[in-house]
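In: Provide a 3D model corresponding to the input given below.
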Amino acid sequence: MRVLFVEDYAPVRNAVAQGFRESGFAVDTAGDGTEGLWLARTNDYDAIVLDIMLPELDGLTVLQRLRELQRPSPVLILTCKDTVEDRVKGLNAGADDYVVKPFAFPELLARVRALVRRKYDVKSPTLRVADLVIDTAARTVQRGTDAIDLTAREYGLLEFLAFRAGQLVTRTDIWEHLYNLDDQATSNVVDVYVGYLRKKIDRPNEPSLIHTRRGQGFILGAPAN
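Out: Numbering: from 1, shown residues only. As a prediction, this is how the structure comes out:
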């Protein structure tokens, strides 16, 4: 999943971004409201974490403009103020959640994961596709009784396919949601990682769960009877 973190204080911005990356997210960052708004307008993020006190454009203005543009990304706002009035302002401007500074990163991470699930209309942290079980909180994968060891990028790909289980997912969809601005695109990188993932979750003499539609993309799901 891909998130945008907009925070002007560099030590916090860098530390939180690193925490998201270590938790399997692709992350873009911005240090002011103008840059944050531009990134949020041009990319379909799975979640945006937005500080309120920002240079150039404050966070509430950024949020209001995004909602005027009908950008669908869920937004969690960070605020130093914990009054009812401040929370109401943020929620009325279109925020989906808020966290008060200083915050514990595990709580922020859990709230962002919940927003991502909500975006894909998934209520449970456990995803099931046939006999494949994905625990999005623990980031573990099991097929039948066998645990499956995945790299961070393989896991991110599987989780994204599972959020859209039964639907066609294009290569462009995968690139836009699993890679950040610093990643270098190559013509076959998505196919390579789909191949890695297929080798790990599909087993001999058992139905394949990842199906390719030539020239279109991929579908995660149980085979048709």
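In: and residue 110, how many neighbours?
Out: Using other CB atoms under 10 Å, residue 110 has 13 neighbouring residues. The C-beta positions use only the backbone N, C-alpha and C, and glycine is treated the same way.
In: cool, and residue 144?
Out: Look at residue 144: counted by other CB under 10 Å, it has 12 neighbours.
In: ok, now residue 43?
Out: The number of residues packed near residue 43 is 17, by other CB under 10 Å.
In: before we move on, what about residue 127?
Out: For residue 127, using other CB under 10 Å, the count is 21.
In: ok, residue 215 next?
Out: Per other CB under 10 Å, the neighbour tally for residue 215 reads 7.
In: can I assume it sits in a helix?
Out: No - counting by DSSP: H, G, I helix; E, B strand; the rest coil, residue 215 falls outside a helix, being coil.
In: and the helices in the protein, which stretches?
Out: 10-22, 33-42, 59-68, 84-92, 105-119, 152-163, 171-178, 189-201 (DSSP state H).
In: let me know which of the ones you listed is tucked in deepest.
Out: When those are scored by mean count of other CB atoms under 10 Å, the highest mean neighbour count falls to helix 152-163 (a mean of 21).
In: that one - what's its average pLDDT?
Out: Across helix 152-163, the average pLDDT comes to 93.
In: now stretch 100-112
Out: 94.
In: stretch 51-62 now?
Out: For stretch 51-62, mean pLDDT rounds to 93.
In: tell me how far the ends of that stretch are from each other?
Out: By CA to CA, to the nearest Å, the extent of stretch 51-62 from end to end equals 10 Å.
In: so what's the gap between that stretch and the chain middle?
Out: Centre-to-centre, stretch 51-62 and its host chain are 22 Å apart (CA atoms, centre = their mean, to the nearest Å).
In: contacts for it, please.
Out: Contacts with stretch 51-62, where a contact means CB atoms under 8 Å, 6 or more residues apart in numbering, come from 6-8, 31-34, 36-37, 40, 50, 65, 77-81, 89-90, 93.
In: tell me the angle the worst-scoring helix or strand of the chain on mean pLDDT makes with helix 59-68.
Out: When the helices and strands of the chain are scored by mean pLDDT, DSSP states H and E, helix 84-92 comes last with a mean of 81. Relative orientation of helix 84-92 versus helix 59-68 (axes from the mean of the first three to the mean of the last three CA atoms, to 10 degrees): 30 degrees.
In: which other helices and strands contact helix 84-92?
Out: In terms of contacts (3 or more CB pairs under 8 Å, 6 or more residues apart in numbering; DSSP states H and E), helix 84-92 is packed against helix 59-68, strand 75-79, strand 97-100.
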